[in-house]
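>>> Turn this into a structure:
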Amino acid sequence: MHGKPTPRSLFSSTEFRATWLAEMVSFFGDQLARVALAILVFDRTDSAALTGLTYALTYVPSVVGALTLSHLADRRPRRSVLMTVDICRAIAAGAMVIPDVPLGVLCLLVSVMSFLGGPYRAAHLALLREILSAEQYPIGMSVRQITMQAAQIFGFAFGGVVSSVFTPRACLAFDATTFVASFGLYWCFVKSRPAAGTPEGTGSVAAGLTVLWAEPRRRAIFLSTALGFFYITPEAVAAPYASALGLGSVWVGVLLASTGVGAVAGLWAFHRFVPAHRYADHLPLVCFTTGLPLVVVAIQGGGIYLAMVSFAVSNALWCIQVVVSVSTLVELLPDDRRAQGMGVASAMNLTAQGVGTGGAGLLAQWQSPVFALSFMGAASAVAGLWPGLLWLRSTRKVAALPAPDSA
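Numbers count the residues shown, from 1 in each chain. Below is the predicted model:
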């Protein structure tokens with residue numbers, strides 16, 4: 001490909017179109033399914049606790065799957081791993097459509113789907129690097145992040161509509177068909193490639209952590225994934241924040257939607273004004289600044305509109321950080337450990353978000369939603385100094401090394 005890569009030029013590749021569409025349709029289906037499951041379980045049990053537990057099962061097992069199975073996408077052809085996971089998840093989602101499935105079986109099926117989502121993401125990110133060049137990959141990550149934000153917004157909204165007009169099982173049935181569609185896209189339009197060939201004895205969780213921690217630049221990016229602990233706060237306290245202002249549930253949706261709008265606008269601007277080869281230079285800046293917009297909600301009289309802007313800007317910076325981190329880390333990892341390293345980093349990010357959600361909720365309960373937002377925002381800047389400074393120091397050391405002899 002000649003000239004600067006653009007989103008339009010990426011979509012001229014049949015393989016990129018297929019992998020992008022496969023992930024988007026299954027991700028959109030997952031959002032519908034999460035809404036449907038919450039409604040289905042609550043209707044059957046009238047228990048908010050069981051509803052929350054079932055919703056958590058759509059996320060938590062994914063961490064375990066990413067930690068324990070991501071290395072398979074290095075040992076096996078990545079296309080084959082993705083297709084196998086799609087078929088398994090289609091079967092699990094289809095089984096949930098069966099009437100009167102016992103609640104325990106339903107939770108087990110949800111856990112299986114979530115568990116398989118961990119290695120799926122790792123394999124997908126690694127496969128994209130095989131399809132795209134080093135110059136194209138950051139643009140591909142920007143496109144991916146923008147469309148995932150849009151899919152999440154519309155998936156949640158559309159899930160509520162479908163579940164109310166039809167039944168929650170209609171959402172689950174649709175989710176199953178998205179996995180079948182994803183399988184078909186990989187089968188028809190993505191070339192089969194040989195496995196990267198992971199060395200023996202590198203499949204453990206400890207080995208995955210080692211490959212990230214051993215090199216300072218990888219370590220800096222790995223540490224930056226833990227900052228999701230702070231950045232998840234707007235999603236965690238949106239409902240109590242709106243309630244504290246005397247506003248209804250509609251405004252909760254508006255607040256959450258503002259994060260998606262901010263992400264799309266921010267990523268577009270970042271791609272528009274920052275060359276792909278300079279993405280990594282901005283990692284220290286976004287590590288330090290992403291949470292700071294949340295501090296302004298403490299301004300007296302700011303109200304809901306200031307919060308919308310604050311949430312939008314913070315999430316835009318977070319998504320930029322994700323694009324920068326993923327596109328940089330994928331180049332720093334050796335190909336035969338790439339999926340494993342990406343999977344472990346993803347697991348850290350998901351864990352941080354899960355723990356952060358609970359922490360932000362406790363802070364909001366103990367003090368107030370405004371305190372939780374401003375405290376977590378300020379604390380993120382302090383915590384972000386560690387990966388940011390480590391990145392600066394390690395990249396300067398690399399730059400100071402003598403160039404390899406080309407003779």
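
>>> The closest residue to Y186 other than its chain neighbours: helix or strand, and which one exactly?
Residue nearest to Y186 in three dimensions, not counting chain neighbours: M83, with 5.0 Å by Cβ to Cβ, 6 or more residues apart in numbering. Every C-beta, even on glycine, is put in place using the N, C-alpha and C of the backbone. Per DSSP states H and E, M83 falls inside helix 78-96.

>>> follow-up on the earlier one: close enough to count as contact, the residue nearest to Y186 and G184?
No: using Cβ atoms under 8 Å, M83 is not in contact with G184, being 9.3 Å away.

>>> Looking at the two, which is more packed in?
The neighbour comparison of M83 against G184 (other Cβ atoms under 10 Å) goes to M83, with 21 against 14.

>>> burial count for R17?
15.

>>> Kindly apply the preceding question to Q365 instead.
12.

>>> Checking it next. Helix, strand or coil?
Following DSSP: H, G, I helix; E, B strand; the rest coil, Q365 is assigned to helix.

>>> circling back to that earlier point, run the chain-centre distance for the helix holding M83.
19 Å (Cα atoms, centre = their mean, to the nearest Å).

>>> Next secondary structure after it?
Moving toward the C-terminus from helix 78-96, the next element (DSSP H and E) is helix 103-131.

>>> low-confidence ranges in the stretch 151-300 of the chain?
Low-confidence segments of the stretch 151-300 of the chain (pLDDT under 70): 155-164, 166, 198-203, 249, 300.

>>> if we look at stretch 338-345, which residues are touching it?
66-67, 69-74, 78, 118-119, 121-123, 125-126, 129, 196, 198, 202-203, 205, 207-209, 211-212, 218, 221-222, 225, 325-326, 329-330, 333 (Cβ atoms under 8 Å, 6 or more residues apart in numbering).

>>> If any of the residues you listed are buried, give me the PyMOL selection for them.
Written as a PyMOL command, the selection of buried residues from the contacts of stretch 338-345, which uses 16 or more other Cβ atoms under 10 Å, is:
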select buried, resi 66+67+69+70+71+72+73+74+78+118+119+121+122+123+125+126+129+196+198+202+203+205+207+208+209+211+212+218+221+222+225+325+326+329+330+333
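
>>> Take the contacts of stretch 338-345 and keep only those in helices.
Those of the contacts of stretch 338-345 mapping onto helices are 66-67, 69, 72-74, 78, 118-119, 121-123, 125-126, 129, 205, 207-209, 211-212, 218, 221-222, 225, 325-326, 329-330, per DSSP state H.

>>> how close does V274 get to L283?
Distance of V274 to L283, given as Cβ to Cβ, to the nearest Å: 12 Å.

>>> The two: which is more packed in?
Using other Cβ under 10 Å, the more surrounded residue of V274 and L283 is L283, with 24 against 16.

>>> any idea which helix or strand carries that one?
Per DSSP H and E: helix 283-289 holds L283.

>>> That helix packs against which elements?
helix 216-225, helix 303-332, helix 369-400 (3 or more Cβ pairs under 8 Å, 6 or more residues apart in numbering; DSSP states H and E).

>>> ok, and what's touching the helix or strand following the first one?
What it means is helix 216-225. Past helix 216-225, further along toward the C-terminus, the next helix or strand under DSSP H and E is helix 228-231. For helix 228-231, the surrounding residues in contact (Cβ under 8 Å, 6+ apart) are 290-291, 314-315, 318, 349-350, 352-353, 355-356, 359, 376-377, 379-380, 383.

>>> Drop anything exposed from these.
290-291, 314-315, 318, 349-350, 352-353, 356, 359, 376-377, 379-380, 383.

>>> just to revisit the earlier point, and the gap between the residue nearest to Y186 and S204?
In terms of Cβ to Cβ, M83 sits 25 Å off from S204.

>>> With L10 instead?
35 Å.

>>> More neighbours: which of these two?
Neighbour tally, L10 and S204, criterion other Cβ under 10 Å: the higher count belongs to L10, 20 against 13.
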